[in-house]
Structure formats: structure tokens, C-alpha cells
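Participant: Task: produce atomic coordinates for the following.
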Amino acid sequence: MSLEAFKSRVLPVKDKLYRFALRFLRDEDEARDVVQEVLIKVWNKREEMDQLENMEAWCMRITRNVSLDRLKSKHNKYTTPIEEGFDVSGGDRETPYRSTELSDTMKTIGSFIQALPEKQRQVIQLRDVEGYSYQEISEIMEIDMNQVKVNLFRARKAVKENLLNINAYGLG
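Facilitator: Numbering: from 1, shown residues only. Sure thing, here's the model as predicted:
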């Protein structure tokens, strides 16, 4: 792979790699380090790149593996607001009350997602935040597509039930 091919195929996904790493690590500096490490690994393997069909999924898989390695080595504890990955603006109808309500809801949803089992958390991040297809998630996570669908279904169901329970009891 030439430098031009690297710039056109790999660098455009750098922001997605960063957001994905940040979801794992909850530390902006660590996430930037992971992305840098991933880009170096991709560059060093550039001779093999022409054989890949989906460069983005391959880069995401490397990002996932490097992030998990860092987590295992450091046992980081963290919290980060989920609204960083979502547009919670209400447009012209935005009021301070509405803005606060949306922000609180997103924080609540974020805490529900953080409480999910690891696979469910990763699948919901890749599908609902990053917008990857089931096939791409299957490749990134190296799991069967049925497992992707089951984990996504269970994750969405758990978040929905938790949100409904809070709203039903007036705690939200």
C-alpha cells in the first residue's frame, strides 16, 4: 500500500477508531495512544493491505484488541458521559428544561450501557453509536453474526427495560 492509499483508506476512519478506543478506555490520552499504535501497526503491515476487503473493519478489530490489552494490563476504572457519542440537541425547540432532561436521559442510558456485559456493551456501541453493519461487527469482534444479533437484542432490551422502570416509578 502506498502512502496515498494509506491516506485515502485508513486515515478517514481515524476518528471512529478514537471513539471506539475511548469507549473502552475512558481516557482521551490513552485512546489517542491506541489510535496511534493502530495506525503504526497498519502502516507496518501495508504490504498485506491490498488483500483486505474491509480495511475499516480490520482497523476496528486491531483497535479493539489493543484497547482490551491496555485494559487488561492496567485494570482501569472509569466513567465518561455517553452524550459525547450522540447529538442530543433539540434544534429550534431547545429550552433549558428540555436540554437538561435530554442530558440526564443520555447519562442514564450511558450508565445502563456501562452496566451491560462486555460483549453487549461492545455490540451496542458499534451498532447504535458507530453505525456498523452486523457483518462488520461480526468481523470486528470475531464472533458469529447470530451472536451479534443476540447480544444487540439483549443489550437494547435491558436498556429499554431499565429506562421504562425508571420512568414508571417517577425516578427519572
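Participant: How is this protein partitioned into domains?
Facilitator: As given by automatic domain parsing, the domain ranges for the chain are 3-74, 92-168.
Participant: list the helices and strands the helix ranked longest in the chain packs on?
Facilitator: Counting by DSSP state H, the longest helix found in the chain is helix 145-168. Applying 3 or more CB pairs under 8 Å, 6 or more residues apart in numbering; DSSP states H and E, we find helix 145-168 packed against helix 96-114, helix 118-124, helix 134-141. For the C-beta atoms, the positions are set from N, CA and C on the backbone; glycine is no exception.
Participant: Can you tell me what sits against the second one?
Facilitator: Okay, so that is helix 118-124. When contacts are defined by CB atoms under 8 Å, 6 or more residues apart in numbering, helix 118-124 is touched by residues 64, 113-114, 116, 137, 141, 143, 147-148, 151-152, 154-156, 158-159.
Participant: can you rerun that using 10 Å?
Facilitator: The contact list for helix 118-124, computed with CB atoms under 10 Å, 6 or more residues apart in numbering, reads 20, 23-24, 64, 67-68, 71, 112-117, 130, 132, 134, 137-138, 140-141, 143, 147-159.
Participant: Buried only: go through those for me.
Facilitator: With burial judged by 16 or more other CB atoms under 10 Å, the buried subset of the contacts of helix 118-124 is 20, 23-24, 64, 67, 71, 112-113, 116, 130, 132, 137-138, 140-141, 143, 148, 151-152, 154-156, 158-159.
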